[in-house]
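# Quick one, fold the following:
(chains A and B)
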2 protein chains.
Amino acid sequence: MSSTDAFVDLLTLAKGASRALATATTAQKNAALEAIAVALEGAIPEIIAANELDLARGVENAIGDGLLDRLKLDEARIRGLAAAVREIVSLPDPVGEVVRGSTLANGIAIAQQRVPFGVIGAIYEARPNVTVDIVALALKSGNGAVLRGGSAAEDSNRVLVRLIQEAVSGSGIDGNAFQTIDPFGREGAGRLMRARGFVDVLIPRGSAGLIATVVNESTVPVIETGAGIVHVYVDASADPDMAHAIVVNAKTHRPSVCNSAETLLVHAAHADTLLPRLVDALAERGVVLYGDERAQTAGVREPATPETWATEHLDLVMGVRVVDSMDEAIAHIDEYSTKHTESIVTNDFGNAERFLAEVDSAVVMVNASTRFTDGGEFGFGAEVGISTQKMHARGPMGLPELTSTKWVVRGTGQIR
Amino acid sequence: MSSTDAFVDLLTLAKGASRALATATTAQKNAALEAIAVALEGAIPEIIAANELDLARGVENAIGDGLLDRLKLDEARIRGLAAAVREIVSLPDPVGEVVRGSTLANGIAIAQQRVPFGVIGAIYEARPNVTVDIVALALKSGNGAVLRGGSAAEDSNRVLVRLIQEAVSGSGIDGNAFQTIDPFGREGAGRLMRARGFVDVLIPRGSAGLIATVVNESTVPVIETGAGIVHVYVDASADPDMAHAIVVNAKTHRPSVCNSAETLLVHAAHADTLLPRLVDALAERGVVLYGDERAQTAGVREPATPETWATEHLDLVMGVRVVDSMDEAIAHIDEYSTKHTESIVTNDFGNAERFLAEVDSAVVMVNASTRFTDGGEFGFGAEVGISTQKMHARGPMGLPELTSTKWVVRGTGQIR
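Numbers count the residues shown, from 1 in each chain, chains lettered A, B, ... in the order given. From the prediction side, this is the model:
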């Protein structure tokens, strides 16, 4: 099939190839993944050369050191990508898994089985490693992928997608299941968001602004992988040492990621004892604290503003508020949380259960660091992203979240 | 909380009340359902009086006999609605069900549990019975509901929603969880589609046009309950009597519903024997047939056009095509199916398995009437709708499909 529209041609190609991929065996898909890993390792100089074009353009456009670092691919990172692809080989194939099933009174057997979505769309920014990640996860779950990696990483992604297509085709699966739409620029991104019938689900990965644009403009169903304004609440009954360890870990273990804590809510019972100790420990580790009046009394230097509570800092910055009750803590969370992860530190069983039941977030915790909200920690073995929406997938997403289901009905001539 | 915007006030009220409903016990929710059933039975004259205003307006606006019939509520129908509400009392409560869980090596216990979505939005047309259906299903699954029932049923819905609110509140759950936005007219429907943060999922029920509008204009996640261009393929190896029974049942048992067959694909091996017999049997039952050339040779009188294959007739109308292979049948289905239900009649095991694997529809069947695609037939006990999308829910939806999940993480002080 060909049209005068190169964009539609490309989506048609991806859709057609994905149909065949949907029924590929696990062994075939694993062989294709291994071929991708080998291809990446065999093309390190070529990938680096393309990446250097992106980096040079990034420097020219002054995109900043953080973005430049995300953009960069060196030999170690490329070998890391190949290793990550091989890790996906070892994960169980979700396709074909029976979710529910029964035999009806009339003898008909019904089974709800996992099937690939078809084609996954991905829109992300300046991170060529996501290109390989998404393709590997899509491939293992039997899906094609249409990628919009953004102009900043265009040269790297072009080479990566060509290597992937060749490797997959060489392994016996049609590599056309994987396509980049970067050559179509911003207009292509807009068309991808409205490509119903070609793309079955769209996953945005990146800044809050990017995600908001995709959510607002897409007619294709979206899985939102979102921001984390994550709270730790230290209850009146909390063990002070445990609270100390969890708060410091949740804030400082890796502050740039979405599951790190942004706001500390402390019950007034701890305002004079634990809180000053925590303030010192956090400050010692370079955390800049913004607090309400009582937190300032406990040693926090900067006053908090409503923006403090409403910002995902992704940095060594934390808001601190003293509350008089768990209800006050839950009300604060209700108002400011992005519904990613919240943790309570408590020794009160009733409060623990109420917090777990009433806080409406993807992950709710008792006596654990928020850093555990992670596909790897949960045992999923691969990071598709962490969904902050309620439909289809919520929290850390594994390969099963990249599948839909189908009802398979086996009769022997039954009619109604 | 109050603003100068009555629409936002109403959504805020629904959201607040839904938070409490989310943690209501099964017994409390069942008591509220029983109270609704009693309230409906106790207000039959009042409901009929309001419905008569809608019917009179319908006659005035010449909306047609079909719509008038859907709009009408008489004593028997109101008692039927109350009975349907009581049936939902007997269904298991999905909230709290543990979907997956494990204890990690570090001792943290994680469990993925079903939780209510929060607030379900519903947009439908001229069917006041849907008001009661949606509220009962939402209530049992712990969700609030904001309803846009359309101007044609405005008077009936106003009375029904008031009765529901009073009954629920009388039972001890805040009845404000259930609201109608009919007074806000078309503008209200548009705002509901964009009410992110207030409405967690939107379910359109009605015409293809209504559903397309909701899909295209919503920023709230949508569950599409869709049209059915449903196919039956009679394979070369099919038992002729079984094929005859299934085709006649799939087309004529209840032609106005989405799981009835619209297109018959017959392998050429049956073109001279079974097909003429089928044509006679269908014609005898009043089915108007449109066929390709070979079907016309077998007795179909009217020629099929591309529109024949692309139309959900919902009536005693059927397209008939003779194919030379299963591949040709699957290609036809790929082109025209709305991905609702397709059935193959065959005695060839390999063909059966290939059809089940390769046809990309919500329900795929072997040797059974397409009329079995139904929540009641599948044993779900209640009809939320039949999803034709791939995200979150696919095929007949039961109460579990009206829930999201939440990860509950229980630690003893673990940090990373």
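# what about the nearest residue to residue A:75 once chain neighbours are set aside, how many neighbours?
Nearest residue to residue A:75 in three dimensions, chain neighbours excluded: residue A:44, at 5.4 Å (C-beta to C-beta, 6 or more residues apart in numbering or on different chains). C-beta here means a position set from N, CA and C on the backbone, and glycine is covered the same way. Applying the criterion other C-beta atoms under 10 Å in any protein chain shown, we find 16 residues in the vicinity of residue A:44.
# could you pull out the helices for the stretch 151-300 of chain A?
Listed from the start of the chain, the stretch 151-300 of chain A has helices (DSSP state H, counting those that start in this stretch) covering A:154-170, A:185-193, A:208-217, A:240-252, A:274-284, A:293-297.
# thinking again about what came up before, relative to residue B:233, how far out is the residue nearest to residue A:75?
Shown here: residue A:44 relative to residue B:233, a distance of 51 Å by C-beta to C-beta, to the nearest Å.
# Quick check: pLDDT value at residue A:2.
Per-residue pLDDT puts residue A:2 at 51.
# The one 5 residues further on too?
In the predicted model, residue A:7 carries a pLDDT score of 97.
# Could you pull up the contacting residues of it?
For residue A:7, the contacting residues are A:181, A:184, A:188, A:191, by C-beta atoms under 8 Å, 6 or more residues apart in numbering or on different chains.
# Test my guess that the residue nearest to residue A:75 contacts residue A:77.
No: because the distance of 9.9 Å does not satisfy C-beta atoms under 8 Å, residue A:44 is recorded as not touching residue A:77.
# gap between the residue in the stretch 251-400 of chain A that chain B sits nearest to and residue A:67?
Using C-beta to the nearest C-beta, residue A:368 is the residue of the stretch 251-400 of chain A that sits closest to chain B, at 2.9 Å. Counting by C-beta to C-beta, the gap between residue A:368 and residue A:67 amounts to 32 Å.
# Show me what the longest strand seen in chain A pairs with in its sheet, parallel or antiparallel.
When secondary structure is assigned using DSSP state E, the longest strand within chain A turns out to be strand A:403-414. Each strand that pairs with strand A:403-414, with its direction, by DSSP bridges: strand A:109-116 (antiparallel), strand B:363-368 (parallel).
# The helix or strand encompassing residue A:80 - contacts with which helices or strands?
Counting by DSSP states H and E, the element that carries residue A:80 is helix A:75-89. In terms of contacts (3 or more C-beta pairs under 8 Å, 6 or more residues apart in numbering or on different chains; DSSP states H and E), helix A:75-89 is packed against helix A:26-42, helix A:44-60, helix A:128-140.
# Out of those helices, which gets nearest to residue B:352?
Checking the helices and strands packed on helix A:75-89 against residue B:352 by C-beta to C-beta gives helix A:26-42 as the closest, at 22.0 Å.
# Nearest spatial neighbour of the residue of the stretch 251-400 of chain A closest to chain B, chain-adjacent residues omitted?
The shortest distance from residue A:368 to any non-neighbouring residue, by C-beta to C-beta, 6+ apart, is to residue B:411 (2.9 Å).
# about what we covered before: tell me which of the helices and strands packed on helix A:75-89 lies nearest to residue B:379.
Taking C-beta to C-beta as the measure, these were each checked against residue B:379, and helix A:26-42 came out nearest at 31.1 Å.
# Just the buried residues of the closest one, please?
Within helix A:26-42, the residues that qualify as buried are A:29-41, counting by 16 or more other C-beta atoms under 10 Å in any protein chain shown.
# show me what contacts residue A:133?
For residue A:133, the residues meeting the contact criterion (C-beta under 8 Å, 6+ apart) are A:81, A:84, A:383.
# Generate CSV for those residues, with neighbour count and pLDDT as supplementary columns.
Compiled in CSV, the contacts of residue A:133 are given as follows (neighbours: other C-beta atoms under 10 Å in any protein chain shown; pLDDT from 0 to 100):
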residue, neighbour count, pLDDT
A:81, 23, 95
A:84, 18, 92
A:383, 16, 71
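# from those residues, which single one is nearest residue A:124?
When the contacts of residue A:133 are compared for distance to residue A:124 (C-beta to C-beta), residue A:383 wins out at 13.2 Å.
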